[in-house]
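J.: Output the structure for:
(one chain, ligands or ions: 2)
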Amino acid sequence: MENVFDYEDIQLVPAKCVVNSRSECDTSIEFGGRSFKLPVVPANMQTIIDENIATYLAKNNYFYIMHRFEPEKRIDFIKTMREQDLFASISVGVKDDEYAFVESLAENNLVPEYITIDIAHGHSEPVIRMIKHIKKHLPDSFLIAGNVGTPEAVRELEHAGADATKVGIGPGKVCITKIKTGFGTGGWQLAALRWCAKAASKPIIADGGIRTHGDIAKSVRFGASMVMIGSLFAGHEESPGETIEKDGKKLKEYFGSASEFQKGEKKNVEGKKMYVEHKGALQDTLTEMEQDLQSSISYAGGRQLDAIRTVDYVVVKNSIFNGDKVF
Ligand SMILES: NC(=O)C1=CN([C@@H]2O[C@H](COP(=O)(O)OP(=O)(O)OC[C@H]3O[C@@H](n4cnc5c(N)ncnc54)[C@H](OP(=O)(O)O)[C@@H]3O)[C@@H](O)[C@H]2O)C=CC1
Ligand SMILES: Nc1nc2c(ncn2[C@@H]2O[C@H](COP(=O)(O)O)[C@@H](O)[C@H]2O)c(=O)[nH]1
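T.: Ligands and ions are numbered 1, 2, ... in the order given. Sure, this is the predicted structure:
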């Protein structure tokens, strides 16, 4: 692979503006047969999303993926979304119990509109087996599989039946995979996204490493249909994480799905916990993201999100950790 780079190494080059106001620019995206206001999805992590946030997002035409860390609640979650005529989007793992869970959804006619296979190393036989199992029993669900970081992996998961793949191993804010294992796309996530997108024949979700709203536009430029974000969505009033006060400041916890806090044990830990500043209401962030992305579209010289996909870019510098620290 030549020319590796990350978000902070790239600037997009402005093209002549064709709108009179940024409000004319349309940030919406079609994904899995539905239209959403933004090409953005909060990470399917326990300190980022819960049932209330999922309901709010679905009601307001934002995409969401519910996490899989309270597996026993998933059936009721789907039923509750159904009662409100909202789409259901859940996550699964690959362990034995999950096979029976998928079959039980089919048997009880509780077919979620979206299912995400949420595994650290998605380029694996267990994930391919689970893709085939889901496609056999729930063929109408839109299936997202990940995470991966190479074109070979994207092709193999697509070939197995995935409707979209999720790219990003190790670029996350609370991720320590890159440090503990020496592997992943941490430090070159944007280049990995481009590499994978060139091989993809179906949509890609760029996952992890987004530190600014401008990084959403950069992800779209390099091939993402959707962008999954954890840290920027952590710390809101509605966020599930615990709130603490330090030196008169309100902080909220954000921990990795492979952290000791999530796992309840110190085995194969590849995530950490941190506290982020309290940020106020989630909708304020979503609104700001939309406005910033409208502005990006206007700088791209278009009216629709697609205008960003073809803009020129320059490489301005190089970094490894994208501003992250170990603790
Ligand atoms: N995007 C990312 O960079 C990362 C994300 N995560 C998140 O952490 C959560 C837990 O993930 P995960 O540990 O996969 O889920 P699980 O705990 O459900 O484990 C997945 C299965 O894959 C096996 N496995 C084999 N090799 C690996 C490997 N290198 N990494 C992980 N599992 C492996 C595990 O066995 P065994 O445990 O015996 O090895 C287990 O049977 C998920 O939400 C995931 O998205 C975690 C790390 C990186
Ligand atoms: N290596 C790890 N990656 C993790 C863990 N928990 C979640 N994640 C990934 O991070 C992104 C969010 O990244 P951010 O930069 O926006 O904060 C999330 O979607 C997962 O893919 C973990 O414990 N270890």
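J.: Write out the residues of this protein neighbouring ligand 2.
T.: Counting by CB under 6 Å from any ligand atom, the positions of the chain adjacent to ligand 2 are 43, 45, 147, 168, 170, 172-175, 177, 207-210, 228-231, 256-259, 270-271. In this view, the C-beta of every residue, glycine as well, is placed from N, C-alpha and C.
J.: Kindly identify which of those also come near ligand 1.
T.: Near ligand 1, by the rule CB under 6 Å from any ligand atom, you find 147, 168, 170, 172, 175, 177, 208, 257-258, 270 out of those.
J.: For the closest residue to N268 other than its chain neighbours, the count of nearby residues, please.
T.: In space, N268 comes closest to A258 once its chain neighbours are excluded; the distance is 7.0 Å by CB to CB, 6 or more residues apart in numbering. For A258, the neighbour count with other CB atoms under 10 Å is 20.
J.: Just read off the phi/psi values of the residue positioned nearest the centre of the chain.
T.: Per CA atoms, centre = their mean, the C-alpha nearest to the average position across the chain is that of M228, at 1.9 Å. Main-chain torsions, M228, degrees, to the nearest 10: phi -90, psi 130.
J.: what's the neighbour count on K37?
T.: 19.
J.: measure it to G149 for me?
T.: 28 Å (CB to CB, to the nearest Å).
J.: Counting neighbours, what do you get for the closest residue to ligand 2 within the stretch 1-150 of the chain?
T.: Going by CB to the nearest ligand atom, ligand 2 is nearest to A43 of the stretch 1-150 of the chain, at 3.4 Å. A43 is flanked by 27 other residues according to other CB under 10 Å.
J.: mind listing what it touches?
T.: Counting by CB atoms under 8 Å, 6 or more residues apart in numbering, A43 makes contact with 49, 172, 207-208, 228-230, 233.
J.: Which one of the ones next to ligand 1 among the residues of the chain next to ligand 2 sits in the busiest neighbourhood?
T.: Most surrounded of those: other CB under 10 Å gives G172, at 32 neighbours.
J.: Near ligand 1, which residues of this structure? Just list them.
T.: 93-95, 118-121, 126, 147, 168-170, 172, 175, 177, 208, 257-258, 268, 270.
J.: Okay, and which of those map to helices?
T.: 126, 177 (DSSP state H).
J.: Show me the residues of the chain next to ligand 1 that map onto strands.
T.: Among the residues of the chain next to ligand 1, the residues falling in strands (DSSP state E) are 118, 147.
J.: Correct me if wrong: K273 contacts S257.
T.: No - contact criterion CB atoms under 8 Å: K273 and S257 do not qualify, at 11.3 Å.
J.: quick one: buried residues of stretch 75-89?
T.: 77-78, 81, 86-89 (16 or more other CB atoms under 10 Å).
J.: Going by neighbour count, list what's buried in the lengthiest helix in the chain.
T.: The residue-count maximum for a helix in the chain (DSSP H) belongs to helix 282-299. Within helix 282-299, the residues that qualify as buried are 282, 285-286, 289-290, 292-294, 296-299, counting by 16+ other CB under 10 Å.
J.: pLDDT for those residues - can I get that in CSV?
T.: Shown next, in CSV, are those (pLDDT from 0 to 100):
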residue, pLDDT
L282, 98
T285, 98
L286, 98
M289, 98
E290, 98
D292, 98
L293, 98
Q294, 98
S296, 98
I297, 98
S298, 98
Y299, 98
